[in-house]
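1. Quick one, structure for this:
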Amino acid sequence: MNVCPTQPSEPFLLWVEAVGGYWVCRGDAIVFGRPDPENENSPSHVPILGDLARRHVCIRRDGESYLIEPLHEVSVDGRAVRDADWLRDGSRIQLGRSVGLQFRRPNALSGTVRFDFLSRHCTQPRTDAVVWMSDTCILGPRSDSHVVCPDWTDDVILYQTEASLCCRSRGEVKIDGVAHAKGGVVTPNSRMEGGGGVFRLETFSR
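-> I've put the predicted structure just below:
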């Protein structure tokens, strides 16, 4: 079995106007835990303000499946998990005694998944949900979008190449005020317009 990473890759924040904020991670494994105020580099990919260990649970991609590995107290769908187990779309995860999350895979054609809070907890900085990005992240009005934007007119897709994070849509997108007919490269702290909406990326120091 693979070992969960001890050093997280850098996440970023995705802010969608009139919709909300999302904590976006990438990589083959992510760790959820509590923030460590004494350590500039958080030991988890997703620091949650709650009664958790610094590294509480690890979740790994395994092909088209997702494996949850408890490092501390974890239950899935009301059942205590003591060894690695598989997650299904809709699985309800409880970390410790109070932090609740729901695992969602909105689009069967994409490996990207999201975690919605079922409890009143949140990430630090505060966001509405966690998106774990694989190949693409779809923002748009459809229910199978990773980020549902009800008032948009079309989808906008964030996608990862070997070297860059990029953005495209069927129509024109603007990245930092520059129009791109076929999409373009997104840089940290970019502001984008497309699909009838506005959104931006934000990096941060931990």
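2. quick one: which helix or strand includes the spatially most central residue of the chain?
-> The centroid of the chain falls nearest to V131 when counting by Cα atoms, centre = their mean (1.7 Å). In this assignment (DSSP states H and E), V131 forms part of strand 129-132.
3. ok, and what's touching that strand?
-> Identification of contacts with strand 129-132 by Cβ atoms under 8 Å, 6 or more residues apart in numbering yields 14, 20, 22-26, 30, 46, 59, 101, 112-117, 123, 137, 146-147. To be clear about C-beta, it is placed using only N, CA and C from the backbone, and glycine gets the same treatment.
4. same deal with stretch 46-56?
-> 4, 11, 23, 25, 30-36, 42-44, 71-72, 74, 95-99, 115, 119, 121-124, 130, 206.
5. Can I get the buried part of those residues as one PyMOL selection?
-> Selection command for PyMOL covering only the buried members of the contacts of stretch 46-56, criterion 16 or more other Cβ atoms under 10 Å:
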select buried, resi 4+11+23+25+30+31+32+33+34+35+42+43+44+71+74+95+96+99+115+121+122+123+124+130
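6. In strands, which of the contacts of stretch 46-56 fall?
-> Among the contacts of stretch 46-56, the members falling in strands (DSSP state E) are W23, C25, I30, V31, F32, G33, V74, L95, V99, F115, V130.
7. Contact partners for the closest residue to the last one other than its chain neighbours?
-> Sequence neighbours aside, F115 is the residue nearest to V130 in space, at 4.2 Å (criterion: Cβ to Cβ, 6 or more residues apart in numbering). Taking Cβ under 8 Å, 6+ apart as the contact definition, F115 lies against V46, I93, L101, Q102, F103, R104, A129, V130, W132.
8. tell me the SS of the second one?
-> Assigned by DSSP: H, G, I helix; E, B strand; the rest coil, the conformation of I93 is strand.
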